[in-house]
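**Student:** A structural model of the following input is requested.
(chains A, B, C and D)
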Protein chains: 2
Amino acid sequence: MGITKTQIFTDKQNDLAQFFKVLGHPARVAILQYISNQNACICNDLVEEIGLAQATISQHLKELKSIGLLNGEVEGKSMCYCINVERWTDIQKKLNTFFNKTKSNCC
Amino acid sequence: MGITKTQIFTDKQNDLAQFFKVLGHPARVAILQYISNQNACICNDLVEEIGLAQATISQHLKELKSIGLLNGEVEGKSMCYCINVERWTDIQKKLNTFFNKTKSNCC
DNA sequence: AATTAATATCGTAATATTGCAATATATAAT
DNA sequence: ATTATATATTGCAATATTACGATATTAATT
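**Tutor:** Numbering: from 1, shown residues only, chains lettered A, B, ... in the order given. Here you go, the predicted structure:
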């Protein structure tokens, strides 16, 4: 079908999967790395930097915003995006909890 | 288009995104959690446990195997899947390196 | 007010993913 | 050998994602 059966999973499982999913695209990985390398907020150097169309970059930014990873502020006629450090750390913790809990005791 | 432009990203970015992507489905999160909760290797209790068709579970297992997270051993007429702990730890480290390096210094 | 620049949204095409029924394969049990 | 059981693969339908051009929208500049 193409539709994930979210109803049969717990909220935690769905949330966790959603975090992983949003991070599961190289453009979004690259965007986050680029933002962190600039010592200031970025605007749309990203279009030049990454090499995808402006509409595409905008879409990826939207997905990163959707899980709260980015804050966006209007800065004149451009946008200033930056990483929401609190959320960033929060998600990192959640992923690590998953990794630490999920341990193998077999084979 | 629907096709990710992997050529414009580094191997590291693509690999990282691939790990995230494979973990980015609630069924695969649930499978990993279930395997870790059993004190032994599992076979296909998963079909009953998770509530997806056998073919679907088999597909998800294949994806988890594709990044080396699962080992599968023939056990009579069933399969014994277990988490590859070494790989598991390795991927956890890589994700944490990404999280730690990607830090914000703005806003 | 008109123009320019930056970003967002819409519409659309191409491709990918999810899920399942049906079928194939392989081993154990009879 | 036949049957039963467990898993993998194939083929297909439905939906999602990726990417982009075209078009809003919004704010600064002239």
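
**Student:** Quick check: which element contains the single nearest residue of chain A relative to DNA strand C?
**Tutor:** Proximity of chain A to DNA strand C (C-beta to the nearest atom of the strand) peaks at A:Asn44, 2.4 Å away. For glycine as for every other residue, the C-beta is placed from the backbone atoms N, C-alpha and C. Using DSSP states H and E, A:Asn44 sits in no helix or strand.

**Student:** Now do the same contact list for it.
**Tutor:** By C-beta atoms under 8 Å, 6 or more residues apart in numbering or on different chains, the contact list for A:Asn44 reads A:54, A:57, A:78-79.

**Student:** Ok, A:Asp15 next?
**Tutor:** A:Lys94.

**Student:** On the three-state scheme, it is what?
**Tutor:** With DSSP: H, G, I helix; E, B strand; the rest coil as the basis, A:Asp15 sits in helix.

**Student:** Contacts only, for A:Lys21.
**Tutor:** B:20-21, B:24-25.

**Student:** By residue count, tell me the biggest helix in chain A.
**Tutor:** helix A:85-101 (DSSP state H).

**Student:** buried stuff in stretch A:49-62?
**Tutor:** Buried residues in stretch A:49-62, counting neighbours by 16 or more other C-beta atoms under 10 Å in any protein chain shown, are found at A:50, A:52, A:57, A:60-61.

**Student:** restrict those to those near chain B?
**Tutor:** A:50, A:52 (C-beta under 8 Å from any C-beta of the partner chain).

**Student:** could I get the buried residues of stretch A:49-62 as a markdown table with pLDDT?
**Tutor:** Output for the buried residues of stretch A:49-62, formatted as a markdown table (pLDDT from 0 to 100):
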| residue | pLDDT |
| --- | --- |
| A:Ile50 | 96 |
| A:Leu52 | 96 |
| A:Ile57 | 97 |
| A:His60 | 97 |
| A:Leu61 | 97 |
